[in-house]
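Peer 1: after the sequence you'll find the predicted model.
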Amino acid sequence: MNPNHAQYMLTVYQEGSITNAAKKLYVSQPSLSQMIKLVESNLGAPIFNRSTDPLTLTYAGEKYIEAAQKILTINANLAREIEEINDEEHGKIRLGIPVQRGMQVLPYVLPKFFQKYPHVDIVISEHGSAAIDKLVLDGSVDLACMTTVPKHDELNYIIVEREELVLLASRNTELARRIPSGTPISILEARNEKFVSNKHGHSVRALQDSLFITNNIQPKIILETMSIEIEKKVALACDAVTICPLNYIENTEEMRARAALYPLKNTESLRHCYICHRKELYLTRYMKDFIDILLEVENPFLKDSPLPKNQAQDGCQ
């Protein structure tokens, strides 16, 4: 298998169309179509179902892509090993990270990392956790920092931060007037409140929907957003509530004055923040050091829990 052909075919598969793949690869569509025909001719079987939109794989195509991913991983590992042998001070890390998590940790991780490795580039892919999960699996990123549940045997998961979900409520809500901040509650207590919510595809949204279904409630959702910062600010401005990770809530005087926080019952799970990578990925020295710095950096949001002292959970300190 030609590694260049393998990379091109993998890009066509990821993009779902020859046109989009050609744009991403900076090649003409006719030349890419010719290369696909050549690969299929050499293979002796079609790789793509061209009658579908986006393109899908034939059974032979599934086997080809599976082999292509392994070969590209072998090539990438070899390149990194030679790179590290020749010069451990230069290189690149392709990092997958959600925007919110990046805002939270990168300003504290990168200064320490660049001080040690000024000639290593960090290339960021910013997506939701579900999309990043796929990127690290198919080798499009080297490392992924995301909130997830360990579920892939091919990946190595290292816990960065345990996550506790709380209900953030404006002090003007009926819930906040009725129940003291810091009291653990069931989601049923907020069934009559207006919700500001994550969009579908976010890990918190999946848990929220599960809580709604389990408790047979359908609260009014006044806004859906991908940004936790927007969520918090709109909830407080519109006298609404939102489900939010505790470690994203600043312990400031303004936040304590405007918001009530409630630990949610029945939300315990393995869903925490992890740094992960494919098990067979060769980790260069600078990749290992990036992971170590990420694990060591103190998150300023976690210095003091915004919950009352008797309600703050050890796992979130």
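Peer 2: Yes, it's here.

Peer 1: contacts only, for the spatially most central residue of the chain.
Peer 2: The centroid of the chain falls nearest to Ser129 when counting by CA atoms, centre = their mean (2.6 Å). Ser129 makes contacts with Pro98, Met146, Thr147, Thr148, His202, Ser203, as judged by CB atoms under 8 Å, 6 or more residues apart in numbering. Just so you know, the C-beta spots here come from the backbone N, C-alpha and C atoms, and that holds for glycine as well.

Peer 1: ok, now how distant is it from Met226?
Peer 2: Using CB to CB, to the nearest Å, Ser129 is found at 11 Å from Met226.

Peer 1: ditto for Asp239
Peer 2: Asp239 is 22 Å from Met226, by CB to CB.

Peer 1: if we can go back for a sec, please tell me how far the residue nearest to the centre of the chain sits from Leu295.
Peer 2: According to CB to CB, Ser129 stands 19 Å off from Leu295.

Peer 1: list the buried residues for the one helix or strand Asn156 maps to?
Peer 2: If you go by DSSP states H and E, Asn156 is part of strand 155-161. For strand 155-161, the neighbour count (16 or more other CB atoms under 10 Å) marks Leu155, Asn156, Tyr157, Val160, Glu161 as buried.

Peer 1: can I get those in a markdown table including distance to Glu231?
Peer 2: A markdown table is the format used below for those (distance: CB to CB, whole Å):
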| residue | distance to Glu231 |
| --- | --- |
| Leu155 | 28 |
| Asn156 | 31 |
| Tyr157 | 26 |
| Val160 | 22 |
| Glu161 | 19 |
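
Peer 1: so which of those residues sits lowest on pLDDT?
Peer 2: Within the buried residues of strand 155-161, Glu161 has the lowest pLDDT, namely 82.

Peer 1: who does that residue bridge with?
Peer 2: Per DSSP bridges, the residues bridged to Glu161 are Cys273.

Peer 1: is it true that it touches Ile275?
Peer 2: No - counting by CB atoms under 8 Å, Ile275 is not a contact partner of Glu161; they are 10.0 Å apart.

Peer 1: could you pull up the residues touching the residue lying closest to Val12 once chain neighbours are set aside?
Peer 2: Computed as CB to CB, 6 or more residues apart in numbering, the closest residue to Val12 that is not its neighbour in sequence is Ala21, at 4.2 Å. The neighbours of Ala21, taking CB under 8 Å, 6+ apart as the test, are Tyr8, Thr11, Val12, Gln14, Glu15, Leu32.

Peer 1: so which of these is the most crowded?
Peer 2: Val12 (28 neighbours; other CB atoms under 10 Å).

Peer 1: can you tell me the helix or strand for that residue?
Peer 2: Going by DSSP H and E, Val12 is part of helix 3-15.

Peer 1: buried stuff in the lengthiest helix in the chain?
Peer 2: For the chain, the helix that runs over the most residues, judged by DSSP state H, is helix 59-86. The neighbour-count check on helix 59-86 (16+ other CB under 10 Å) flags Gly61, Tyr64, Ile65, Ala68, Gln69, Ile71, Leu72, Thr73, Arg80, Glu83, Glu84 as buried.

Peer 1: stretch 179-196 too?
Peer 2: By 16+ other CB under 10 Å, the buried positions in stretch 179-196 come out as Ile179, Ser181, Gly182, Ile185, Ile187, Glu189, Ala190, Glu193, Lys194, Phe195, Val196.

Peer 1: so how far is it off the chain centroid?
Peer 2: 27 Å (CA atoms, centre = their mean, to the nearest Å).

Peer 1: that stretch: end-to-end distance?
Peer 2: 20 Å (CA to CA, to the nearest Å).

Peer 1: neighbouring contacts of it?
Peer 2: With CB under 8 Å, 6+ apart, stretch 179-196 has contacts from 167, 169, 173-175, 208, 211-212, 215, 217, 219-223, 225, 230-231, 234-235, 238-243, 259-266, 307-308, 310-311.

Peer 1: what about those residues, which are in helices?
Peer 2: Short answer: these in helices (DSSP H) are Glu174, Leu175, Gln208, Leu211, Phe212, Ile230, Glu231, Val234, Ala235.

Peer 1: ok, and the most crowded of these?
Peer 2: Neighbour counts for these, by other CB under 10 Å, peak at Ala235, which reaches 28 neighbours.

Peer 1: list the contacts for it?
Peer 2: Per CB under 8 Å, 6+ apart, neighbours of Ala235: Leu168, Ala169, Ser170, Val196, Val241, Thr242.

Peer 1: Arg191 versus that one, what's the distance?
Peer 2: Ala235 sits 16 Å away from Arg191, going by CB to CB.
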